[in-house]
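Engineer: got a sequence here, can you model it:
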Amino acid sequence: MDISFAIIELGLMILLFVVAKVSFKRPSNKWRLVYSAPAFLAVAGLVFIGFDKYFLGIYVAAFLILICLFIEDRKVKQKQITAMVLAAAIVVNMAVIAFSSGYKRKPYLEDFEEAYAVMKEHYVLTDEKGIDWDALYAKYKPLFKEVDRSQDSVENYKVWQQFTGEFYDGHVGYKPNSDSETIKAVSESYGNDYGLSLIRLSTGEYAAVNVEGYDNSYSIQSTDHDDFGFFSVKDDYMPDTAEADRLTLKNAGIKNGTIITEWNGRPVEDYFDGINYYIMQYPVRENEEFYLPIYAAGIGQDMKYGDTFIQGEKSHNINGKEITSNPSVDITFVDENGKEETVTAPNLGIYAPRMLDTMEKLDDGVNITNLNWQEVNSDTYMIRISQMIYDQETYEGTDYTDMTDELREKVLALKKAGVKNLIFDLRRNGGGSPYFVEGVACLFAPVGEHLTYYSAVIDEDTATFKRGTDGRYEMGLPSSYTGEDLWHDGQIILLVNAETVSAGDDMTYMMGDFPNVKVIGLTSSNSSCQAVTQVNMEEGGVSFSAVPNLLPDGEIAIDTYTDHVGRTPFDAKIPMTREAITAIFDKGEDYLLQYAADTF
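Structural biologist: Numbers count the residues shown, from 1 in each chain. The predicted model follows:
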């Protein structure tokens, strides 16, 4: 319901005050329809929008006016008094709504309608991604309509994550405008914490990682700051028994690397089809499959993906069932003697902090300042590039000469010192300027001119980009740089992952095909390349690909098509083994960087 519903009902009551006198002077059964109008409007609202407890007084007034149908026409004053009393009741109800801290209607459906309209007109990968806008609207309007009815900010986040996930585009994403709502939504959207995360080994088996109770694992006792600010809220979600239960898995013999064979009596992969949104976008299907087990570890017994039991609430209607007690999970694992055992793991709170900590341990690059160098061994140096930004002044332009000169000097010094190998740490590179990428790539590219991307031709009248008769965008001006081949006799590795996105993808594409460059990682890069814009709504903002980048042959650059296959170079997947788990989750080592160095 909306406040406009209350205003219309109030207007009808005032109208009926007048009708009481008119109906006496001009008797007709048609006046009965007018007296039925408030009730009819209330029923329509209940059917099509749903019940809203804040409007209870208005519902009652809408039906009570029907009493006038049974009062004789000549008793005008009685009808007028009834109409005015009920009008006053509606005014009181409106005042209660206005001053209630629990009520503030948020335009969730209107937000969707606005974002959908803008994206439908200006999203540039509709054909390449196979987007059926009418089908998306038919699927998601009812979901946002229900969110609008319930005014549930967490469900709003979940539905947006599902909607944006339909595009398989790392540049399509939703973020609530309120930081506190973001924390709440993420906290309550990824299930509960049963003391571990899961990962799929290269052998196809599933292993426990980040297990509660071990020194380098995430702990519910941690007070460390994190990007989402969970340290400030996670205790609010923690059951009273969490401290006593936190070592359940460790005491049962589960450690990092223990093979998990069943989750609530079912194979882990049985849960994957029900995982319908993520905290980030995975355009490459193979990358998506890598992260699925991590998300599955938050699913409780008799619960579906995303259901989160919240400490302090009296009951939860979850998956059609009322759950009043702390949920748990039956975890079947292979013990050190090779025998299958099962342990019941109780909920320790919300899963999101452990889930994100697991992803951070897997995906984070070296924690040093952007563009800094670090010695790996006497033959190998690493440069950390976490974002494609040199300084703010340069970022707003196209001239990266100062940065290129600085890097050239360092590269030549390393070469003179006998360094043979370079590692570009592009893990979790969040993107930035493509001109930055050219300013780096030019030092290592083969000698000569290298074309990168062509712009697309824009239709000034419609502010959209023109496609030719073949369906491809019309090509505009090219961008290029001149290669210097400074590392001709040395080797280079680009270390990437699924969070290497946008300009990080650009660098992977530009440098990945150089003769002396290999691209490796647990996963390939994100495969999202187009320039981005954002539509800002009342409750949040949606980013999306809005300006095409074209390859010299006219193809869209880098982004995945409907096959969800990565289109950036990728030479070797680093295997996920028990050795890797031990190094990452027990010892806190940068296993991937060392693996890259050993590859030389």
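
Engineer: look up how far I558 lies from A441.
Structural biologist: 14 Å (CB to CB, to the nearest Å). Just so you know, the C-beta spots here come from the backbone N, C-alpha and C atoms, and that holds for glycine as well.

Engineer: any idea how many residues pack against K129?
Structural biologist: Residue neighbour count, defined by other CB atoms under 10 Å, stands at 21 for K129.

Engineer: list the contacts for the nearest residue to it once chain neighbours are set aside?
Structural biologist: The shortest distance from K129 to any non-neighbouring residue, by CB to CB, 6 or more residues apart in numbering, is to F167 (5.9 Å). Contacts for F167 (CB atoms under 8 Å, 6 or more residues apart in numbering) come out as 123, 125, 129, 131, 281, 544.

Engineer: next: N256.
Structural biologist: Contacts of N256 (CB under 8 Å, 6+ apart): 207-211, 214, 217, 581-582, 585-586.

Engineer: what about burial for those, which qualify?
Structural biologist: Neighbour-count burial (16 or more other CB atoms under 10 Å) applied to these gives 207-211, 214, 217, 581, 585-586.

Engineer: which helix or strand in this protein has the lowest average pLDDT?
Structural biologist: Counting by mean pLDDT, DSSP states H and E, the chain has its least confident helix or strand at strand 316-318, which shows a mean of 66.

Engineer: now, the contacts of N256 that are in helices?
Structural biologist: Using DSSP state H, the members of these that fall within helices are I581.

Engineer: of the contacts of N256, closest to N372?
Structural biologist: Of all the contacts of N256, F585 has the smallest distance to N372: 26.0 Å, by CB to CB.

Engineer: so how far is D357 from the closest one?
Structural biologist: For F585, the distance to D357 - CB to CB - is 10 Å.

Engineer: mutual contacts of the two, please.
Structural biologist: Contacts common to F585 and D357, judged by CB under 8 Å, 6+ apart, are N210.

Engineer: any chance of the buried ones among the contacts of N256 in TSV, plus pLDDT and distance to E499?
Structural biologist: Converted to TSV, the buried ones among the contacts of N256 look like this (pLDDT from 0 to 100; distance: CB to CB, whole Å):
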residue	pLDDT	distance to E499
A207	98	21
A208	98	23
V209	98	18
N210	98	17
V211	98	23
Y214	97	25
S217	96	21
I581	98	20
F585	98	18
D586	97	23
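
Engineer: save the residues you listed as TSV, and put in distance to A135 too.
Structural biologist: Formatted as TSV, the buried ones among the contacts of N256 follow (distance: CB to CB, whole Å):
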residue	distance to A135
A207	38
A208	39
V209	38
N210	38
V211	42
Y214	47
S217	43
I581	41
F585	42
D586	47
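
Engineer: if you count neighbours, what's buried in the strand or helix carrying K21?
Structural biologist: According to DSSP states H and E, K21 maps onto helix 3-25. Neighbour-count burial for helix 3-25, counted by 16+ other CB under 10 Å, picks out 5-6, 8-10, 12-13, 16-17, 19-20, 23.

Engineer: what is the nearest of the contacts of F167 to T248?
Structural biologist: Distances from T248 to the contacts of F167, taken by CB to CB, are shortest for Q281, at 34.2 Å.

Engineer: count of residues packed around the closest one?
Structural biologist: 23.

Engineer: what's the pLDDT at it?
Structural biologist: Q281 carries a pLDDT value of 97.

Engineer: show the pLDDT at the closest residue to it other than its chain neighbours.
Structural biologist: Closest residue in space to Q281, ignoring its immediate chain neighbours: G170 at 4.7 Å, by CB to CB, 6+ apart. Looking at G170, its pLDDT is 97.

Engineer: settle this for me: G170 is touching S528, isn't it.
Structural biologist: Yes: contact criterion CB atoms under 8 Å: G170 and S528 qualify, at 3.2 Å.

Engineer: give me the more crowded residue out of those two.
Structural biologist: Just comparing G170 and S528: by other CB under 10 Å the higher neighbour count belongs to G170, 30 against 27.

Engineer: centroid-nearest residue for the protein?
Structural biologist: I279 (3.5 Å; CA atoms, centre = their mean).

Engineer: show me what contacts it?
Structural biologist: 161, 186, 190, 355-356.

Engineer: where does S325 land on pLDDT?
Structural biologist: On the pLDDT scale, S325 gets 78.

Engineer: where does the residue nearest to Y390 when sequence neighbours are not counted land on pLDDT?
Structural biologist: Leaving aside its sequence neighbours, Y390 sits nearest to M403 (CB to CB, 6+ apart; 4.3 Å). The score at M403 is 96. That number is its pLDDT.

Engineer: and for the residue lying closest to F290 once chain neighbours are set aside, the neighbour number?
Structural biologist: Leaving aside its sequence neighbours, F290 sits nearest to T523 (CB to CB, 6+ apart; 5.2 Å). Using other CB under 10 Å, T523 is surrounded by 25 other residues.

Engineer: thought T523 was touching R285?
Structural biologist: No: counting by CB under 8 Å, T523 does not reach R285; the two are 11.0 Å apart.

Engineer: so what does the helix or strand hosting A88 touch, helix or strand wise?
Structural biologist: Assigned by DSSP H and E, A88 belongs to helix 76-99. The contact analysis (3 or more CB pairs under 8 Å, 6 or more residues apart in numbering; DSSP states H and E) places helix 76-99 against helix 3-25, helix 56-64.

Engineer: between those, which one is closest to N377.
Structural biologist: helix 3-25 (67.8 Å).

Engineer: mind saving the C-alpha coords of that closest one as CSV?
Structural biologist: Output of helix 3-25 as CSV, limited to C-alpha atoms (Å, rounded to 0.1, in the frame of the first residue of the first chain):
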residue,chain,number,x,y,z
ILE,A,3,-0.1,6.8,1.2
SER,A,4,-2.0,7.7,-2.0
PHE,A,5,-4.3,4.8,-1.1
ALA,A,6,-5.1,6.6,2.2
ILE,A,7,-5.7,9.9,0.4
ILE,A,8,-8.1,8.4,-2.1
GLU,A,9,-10.1,6.7,0.7
LEU,A,10,-10.2,10.0,2.6
GLY,A,11,-11.5,11.7,-0.5
LEU,A,12,-14.2,9.1,-0.9
MET,A,13,-15.4,9.7,2.6
ILE,A,14,-15.7,13.4,2.0
LEU,A,15,-17.5,12.6,-1.2
LEU,A,16,-19.9,10.4,0.7
PHE,A,17,-20.6,13.2,3.1
VAL,A,18,-22.0,15.1,0.1
VAL,A,19,-23.7,12.1,-1.4
ALA,A,20,-25.8,11.6,1.8
LYS,A,21,-27.8,14.7,1.0
VAL,A,22,-27.8,14.3,-2.8
SER,A,23,-29.0,10.6,-2.6
PHE,A,24,-32.0,11.8,-0.5
LYS,A,25,-33.1,14.4,-3.0
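
Engineer: please consider this matter closed, and thank you.
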